[in-house]
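Trainee: pasting the sequence and the predicted coordinates here, then a few questions.
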Amino acid sequence: MRVAEAWRVALDALRANRLRSSLTMLGVIIGVASVVLLVAIGTGTKQKVEQQVEGLGSNLLLVVPGKIEVGTAPVVSPLTLKDAEAVSRVVGDPQRVAVTVASGATARAGARSDFTTVQGVLETTPTVFTRTLARGRYLTGTDVDTSRRVAVLGDSVARALFPDRDPLGQQVTLAGVRFRVIGVFAPLGQSLGVDRDDEVHVPVTAAQRLWGTQRVDGIAVKAPDRERIDELGERIVAELNRRHPDTEFSAVTQQQILGVLGDILGVLTGVLAAIAGISLLVGGVGVSNIMLVSVRERTREIGLRKAVGARPRDIGVQFLLEAVLLTTIGGLTGMALGVGTALLVDALSPIPAAITWWSLALAFGVSAAVGIVFGVVPAQRAGRLDPVVALRAE
Amino acid sequence: MSDTPPAIEAVDVSRTYQLDGVSVEALRGVSLTVRPGDYVALVGPSGSGKSTLMHLLGGLDRPTGGRLVLGGRDVNALSPPEMAALRNETIGFVFQAFHLLPRTSAVENVALPLVYRGMSARQRRERAAAMLGRVGLGHRLDHRPNQMSGGEQQRVAIARALVTEPTVLLADEPTGNLDSVTGAAVLELLERLNAESGVALVMVTHDQEVAARAARRITMRDGVVVADSAAERHDRPPSVDHGRPETLVPAPSAEPRSVSGNGPGHPSGGSGGAAGATGRLPHEPDPHRAEVDMREPDPRRAKADMREPGPRGAEVDTREPGDGVA
């Protein structure tokens, strides 16, 4: 009964000061909404990145010089096509090995130009990575062996250079050398912040000639089976270390990439949520403040309730409940606002956002906790008021 | 009669406040006993300690010295929650400023003390409604304080004080915020309830006429009781109150008062001295009352104002000794 009365009185108090209650809640609403929104954006970004990494192909093993760790400087690659052949021998199937040597270059066609990434690759690329063609054909072994100047355009390059023409059979000039377009990729979208449609594939031999180099940037392997992928990576690294004793090599799987990226994005999400949490804290201080005002305003009421038999606890519970109601109603509204904004952002902007149940539970729990933490002091003060003094209050 | 346990028993009670390191003695050794059914007026100039005494008698405060027993329990042995329960069970408060909760209906205001008894909402409403009926507001259950006149608000407050069936009703200047006619009606109500239910009525008042209507008058000055009409009559100093129960006026009055149908309702006034008071009780075959009854509606109010200083004052003077004789 006493608790029921406390609920009734707390609700009544909030209703009696609608504007003040709303403004106080606003602090909590903004805090909770921003936590929910920013966590949603962080989660959405992480999910999208994961999808894209997985979308690269399955059982992928990337072999690069240097260490794959956050904060390590890139290393100039000592790898050549001979190393790729050696890796092929380790793997036992040349079709499962791809290489890349990439550089930025301006592609021109007639009066149009587009700055893009030119990738020198083997004909095995579509086997190792997941790439599909929209038109034409991909590079062949012969194209690679003979350094033929043929190119497969990414979707956005094709659109930029040939907005109103079929690019197949047309000439494009890459770094001043003319290539013939033999195929166009199907659109892929972004991956890891890179526009994967903004690239041109040419035979690795032609690319090396173009830039006057023998090296390749990295080697990718599609492992025959998932279970022994790590062991295969170790064997490849051992072989490369034998061939290049001065350089360290790393073989990383998609899982490892996901782990590293997940860590980075997790930290980022955490930092964003913490910043939003500060505004929730400020909202809590506002609640505390208003509760002190409420206690002062209703000092006489407290005195009267005590006179007719309310225990200190009854009064304390009443005010604590009022504070918790303020923050939880604010919290629920903030959650709704945060979810709504996140859905809008996801639908209307390129920023992905995903709602997770735990972020909602967390936001609600935190807002209730804020009410308790910031309501305790005013509630205790109310409960301990001397009834004689309280009854005399103006 | 002497076996009726006292509702309030104060023995050499003192209350000292510490204000900025300076001790202020608000009460300096007050002893008194209030029995069920008593009708006591507490008078004295401002600063005489009567408010402090009222707070102590109501269990809102604790003495710093002496012994105070309310409803059979020594307040200095009680924790704050136990004090709260004691107030809830044995004390009813009526304040000068009514102290009703705004935005809350009359019936809910009256039911408030029952909330802290853990009574169900339905039971609370039933009892509160019945109590409002007893104070003549049965038709105003769902009105809010701001929809009621001052007199009505004070009636609601009285109903709230009595809904718990306390043993003591403490009224602090209950008519102080009311015009004289409304005040008189409220006073009559308090007296009637005192007579009907046997609740002890202890009332702080500045108004000598109001005080004169009480069966017993306690006068305070500088933190001590300087006159207690009950004690004086028996030539006992106010501080010696252990002998009082056997000989005091209030004791005999207690029993007849608790039986409302028994007589005029003011047994202590059965000796004629209380005729003025009883004259305001509605159900009395008494010449005074007939007059009063006819004046009850509005016309009476105008007249009453004019009458107040003169006749009543006279009545009071003659009545008081009469009380003592009883």
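Mentor: Yes, it's here.
Trainee: where does the prediction get shaky in chain B?
Mentor: B:1-3, B:231-326 (pLDDT under 70).
Trainee: for chain A, what's its nearest residue on it.
Mentor: Per Cβ to the nearest Cβ, residue B:88 is where chain B lies closest to chain A, at 2.5 Å. All C-beta spots, glycine's among them, are computed from the backbone N, C-alpha and C.
Trainee: in terms of helices and strands, where is that residue?
Mentor: Using DSSP states H and E, residue B:88 sits within helix B:80-90.
Trainee: who are the packing partners of that helix?
Mentor: If contacts are counted by 3 or more Cβ pairs under 8 Å, 6 or more residues apart in numbering or on different chains; DSSP states H and E, helix B:80-90 sits against helix A:299-307, helix A:312-348.
Trainee: going by neighbour count, list what's buried in it.
Mentor: B:83-90 (16 or more other Cβ atoms under 10 Å in any protein chain shown).
Trainee: just to revisit the earlier point, tell me the SS of the closest residue to the residue of chain B closest to chain A other than its chain neighbours?
Mentor: With sequence-adjacent residues excluded and distances taken as Cβ to Cβ, 6 or more residues apart in numbering or on different chains, residue B:88 is closest to residue A:309, at 2.5 Å. Under the three-state scheme (DSSP: H, G, I helix; E, B strand; the rest coil), residue A:309 adopts coil.
Trainee: for the residue of chain B closest to chain A, what are its contacts?
Mentor: A:308-309, B:113, B:116-117, B:164 (Cβ atoms under 8 Å, 6 or more residues apart in numbering or on different chains).
Trainee: any idea which of those residues is the one closest to residue A:142?
Mentor: residue B:116 (95.1 Å; Cβ to Cβ).
Trainee: isn't the closest one right next to residue B:87, touching?
Mentor: No - between residue B:116 and residue B:87 there is no contact under Cβ atoms under 8 Å: 9.2 Å.
Trainee: overlap in contacts, those two.
Mentor: Counting by Cβ under 8 Å, 6+ apart, the residues touching both residue B:116 and residue B:87 are A:308-309.
Trainee: and residue B:128, how far from residue B:138?
Mentor: Using Cβ to Cβ, to the nearest Å, one obtains 11 Å as the distance from residue B:128 to residue B:138.
Trainee: what about the two, which has more around it?
Mentor: residue B:128 (26 against 12; other Cβ atoms under 10 Å in any protein chain shown).
Trainee: gap between the nearest residue to residue B:109 once chain neighbours are set aside and residue A:132?
Mentor: Distance criterion Cβ to Cβ, 6+ apart; nearest residue to residue B:109, sequence neighbours excluded, is residue B:100 at 5.0 Å. Residue B:100 sits at a distance of 79 Å from residue A:132 (criterion: Cβ to Cβ).
Trainee: could you pull out the helices for chain A?
Mentor: In chain A, the helices defined using DSSP state H lie at A:2-16, A:18-55, A:81-91, A:125-128, A:141-145, A:155-161, A:204-211, A:229-243, A:254-297, A:299-307, A:312-348, A:357-384, A:387-392.
Trainee: if you compare those helices, which one is most tucked away?
Mentor: Compared across the helices of chain A, helix A:299-307 shows the largest average neighbour count, a mean of 24 (mean count of other Cβ atoms under 10 Å in any protein chain shown).
Trainee: for chain A, what are the nearby residues on chain B?
Mentor: B:55, B:58, B:60-61, B:80-81, B:84-85, B:87-89, B:91, B:93, B:95, B:99, B:101, B:103-104, B:112-113, B:115-121, B:160, B:164 (Cβ under 8 Å from any Cβ of the partner chain).
Trainee: that older thread, among the helices and strands packed on helix B:80-90, which is nearest residue A:142?
Mentor: It is, among the helices and strands packed on helix B:80-90 and with distance given as Cβ to Cβ, helix A:312-348, at 46.2 Å.
Trainee: and the closest one, is it in reach of chain B?
Mentor: Yes - shown here: helix A:312-348 in contact with chain B (Cβ under 8 Å from any Cβ) through A:312-314.
Trainee: how about the helices of chain A in a markdown table, adding distance to residue B:191?
Mentor: Converted to a markdown table, the helices of chain A look like this (distance: least, Cβ to Cβ, whole Å):
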| stretch | distance to residue B:191 |
| --- | --- |
| helix A:2-16 | 32 |
| helix A:18-55 | 44 |
| helix A:81-91 | 109 |
| helix A:125-128 | 103 |
| helix A:141-145 | 116 |
| helix A:155-161 | 97 |
| helix A:204-211 | 111 |
| helix A:229-243 | 97 |
| helix A:254-297 | 36 |
| helix A:299-307 | 22 |
| helix A:312-348 | 33 |
| helix A:357-384 | 36 |
| helix A:387-392 | 24 |
